[in-house]
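> Curious how this folds, go ahead:
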Amino acid sequence: MMTGESDRSPVYSYMENPSMVDYPGHLSAVFFLSGCNFTCGFCHNATLMGRKRKGISWDELRDACQHFKSDWVDGVVVTGGEPTLDPHLIDLLDFFKGFGFKVKLDTNGSQPAVLRECIAHIDSCAMDVKTTLEGYPELAGYSQTGNIEESIKTIIASDIEYELRTTVIEGVHTPATIANIARLIEGARRYRLQPFVPRDNLPDPHFRGIARTSPELIEECVRAAEPHVEEVLA
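Numbering: from 1, shown residues only. Next up, the predicted model:
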């Protein structure tokens with residue numbers, strides 16, 4: 001029991017098999033926390049949006065970590081949902097550190113004060129920059145865009161490994177949109193542009209019918225971002 005309040009950890013679920021893509025350079029275990037304060041209609045983890053759900057026990061989590069260690073896993077990805085909404089996130093990060101894992105945190109950037117506290121407990125961070133600040137209320141259902149800007153500045157100023165990333169959606173993002181986002185993250189070391197992939201279970205039916213992002217649009221967006229950041233990945 002880590003928090004002194006419950007035998008339940010913040011982890012709602014985890015991928016049974018290690019991942020080779022979620023934490024570049026590491027064979028990683030991916031752990032999910034439930035609950036999110038965004039309402040993105042294109043979210044691929046929509047089952048983890050909304051209300052907080054009961055986590056697995058710390059004992060079960062410990063067993064899972066021991067199993068992953070025996071499978072040569074050397075990194076952990078803490079994702080969601082939005083992990084920074086959980087009051088016991090630091091306990092969880094330190095728990096993983098206790099196994100010798102490198103720890104990567106995925107965040108939407110809505111909780112800059114929590115993110116600042118997390119920096120000393122993680123090795124890597126990935127923040128989704130959904131769109132321009134003006135577009136957040138419509139696309140993500142979130143209007144406190146000053147928090148997004150503050151989190152970006154916190155990550156860029158940190159000494160940890162990081163990447164800022166945007167899912168490029170046909171009809172939502174244009175090269176001009178990406179150029180404006182790139183100005184927002186001016187000087188970032190790494191900016192990743194990833195294609196939108198439609199699924200039948202996306203929360204907003206509108207996004208289920210949008211085509212996968214074309215390679216041509218991704219290439220145009222890469223060119224639009226390149227003047228503003230050190231490295232653009234796609």
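> what comes into contact with stretch 191-201?
Residues outside stretch 191-201 that contact it (Cβ atoms under 8 Å, 6 or more residues apart in numbering): 42, 44, 46, 163-170, 178, 182, 185, 207-213, 218, 221-222, 225, 229, 231-234. Placement of C-beta: from N, CA and C, glycine included.
> ok now that stretch, how far from the chain's centre?
Chain-centre distance of stretch 191-201: 13 Å, with Cα atoms, centre = their mean, to the nearest Å.
> any idea which strand is longest in this protein?
Criterion DSSP state E: the longest strand present in the chain is strand 161-168.
> and that one, which strands flank it?
Here strand 161-168 is paired, per DSSP bridges, with strand 124-128 (parallel), strand 191-195 (parallel).
> after that strand comes which helix or strand?
Using DSSP states H and E, the helix or strand that follows strand 161-168 towards the C-terminus is helix 175-184.
> list the buried ones in that following helix?
By 16 or more other Cβ atoms under 10 Å, the buried positions in helix 175-184 come out as Pro175, Thr177, Ile178, Ala179, Asn180, Ile181, Ala182, Leu184.
> Stretch 27-34 now?
The neighbour-count check on stretch 27-34 (16+ other Cβ under 10 Å) flags Ser28, Ala29, Val30, Phe31, Phe32, Leu33, Ser34 as buried.
> avg pLDDT for it?
Mean per-residue pLDDT for stretch 27-34: 96.
> Also stretch 81-90?
96.
> which residues touch that stretch?
2-3, 9-10, 12, 32-38, 45, 48-49, 52, 78, 92, 105-108, 110-111, 114-115, 117-118, 121.
> what does stretch 144-152 give?
So stretch 144-152 is in contact with 107, 109-112, 115, 127, 129, 133-134, 136, 142, 164, 184-185, 188, going by Cβ under 8 Å, 6+ apart.
> Buried residues in that stretch, which are they?
Residues Thr145, Asn147, Ile148, Glu150, Ser151, Ile152 are the ones in stretch 144-152 that count as buried (16+ other Cβ under 10 Å).
> Just say helix, strand or coil for the residue nearest to the spatial centre of the chain.
With distances taken as Cα atoms, centre = their mean, Asp106 lies nearest the centre of the chain, 2.9 Å away. The local conformation at Asp106, judged by DSSP: H, G, I helix; E, B strand; the rest coil, is strand.
> so it makes contact with Val78?
Yes - with contacts counted by Cβ atoms under 8 Å, Asp106 reaches Val78, the gap being 6.8 Å.
> Quickly note the distance from the residue nearest to His44 when sequence neighbours are not counted to Val172.
Nearest non-adjacent residue to His44, counting by Cβ to Cβ, 6 or more residues apart in numbering: Arg199, 6.6 Å away. According to Cβ to Cβ, to the nearest Å, Arg199 and Val172 sit 16 Å apart.
> higher neighbour count, those two?
Taking other Cβ atoms under 10 Å, Arg199 and Val172 do not tie; Val172 has more neighbours (18 against 12).
> The more buried one contacts Thr132, correct?
No - using Cβ under 8 Å, Val172 is not in contact with Thr132; the gap is 10.9 Å.
> Understood, closing this out.
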